[in-house]
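1. Sequence below, structure please.
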Amino acid sequence: MDLVAYLPIALMFILGLVFAVAAMWMSWRVAPNNPTPEKLAPYECGIVPLQDPVERFPVKFYLVAMLFVIFDVEIIFLFAWAVRMDELGWAGIAAVGIFMLLLIETLGYVWKRGALDWNVAHRARYRRVVAPDSQVEEAA
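-> Numbering: from 1, shown residues only. Model (predicted):
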């Protein structure tokens, strides 16, 4: 393997690194630095927060985000297969078919487990069991 073929890639990497460092240094050097209490205050959506948030951020958001990233990466594999589809022939089509079946099975499993359901109150495992009226009256 000839390492000279990698020279343009190394040059672009070094050039990108130099540009990033130079841009950061220039912004640090040129930008004015006069913080005021208004600039240091937290700001979100045009509203200044008057209190800390009462509840934590829902974990469901992170779960859906991770699932999106996983399925998004799978599409990258399909794109690479589509580029070389002619060279891979029927063996490539069979491999992608198996890959797609496993991907669809995973999506079905995630869907069945309720990971994509944001309405927690309507999930069967979270419904509250209400006692019959006779037991409620006896307890009162």
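2. starting at the chain centroid, how far to stretch 36-45?
-> Chain-centre distance of stretch 36-45: 28 Å, with C-alpha atoms, centre = their mean, to the nearest Å.
3. Low-confidence stretches in this protein?
-> Along the chain, the model assigns pLDDT under 70 to residues 1, 43-50, 52-57, 119-140.
4. one more time with 50, if that's ok
-> 130-132, 136, 140 (pLDDT under 50).
5. biggest helix in it, by residue count?
-> helix 85-113 (DSSP state H).
6. Buried residues, it. List them.
-> 96, 103, 110 (16 or more other C-beta atoms under 10 Å). For the C-beta atoms, the positions are set from N, CA and C on the backbone; glycine is no exception.
7. ok, now how distant is residue 87 from residue 96?
-> To residue 96, residue 87 is 13 Å away according to C-beta to C-beta, to the nearest Å.
8. which neighbours do the two share?
-> Counting by C-beta atoms under 8 Å, 6 or more residues apart in numbering, residue 87 and residue 96 have no common neighbour.
9. chain center to the longest helix of the chain, what's the gap?
-> 22 Å.
10. what's that helix packed up against?
-> Packing partners of helix 85-113 (3 or more C-beta pairs under 8 Å, 6 or more residues apart in numbering; DSSP states H and E): helix 59-83.
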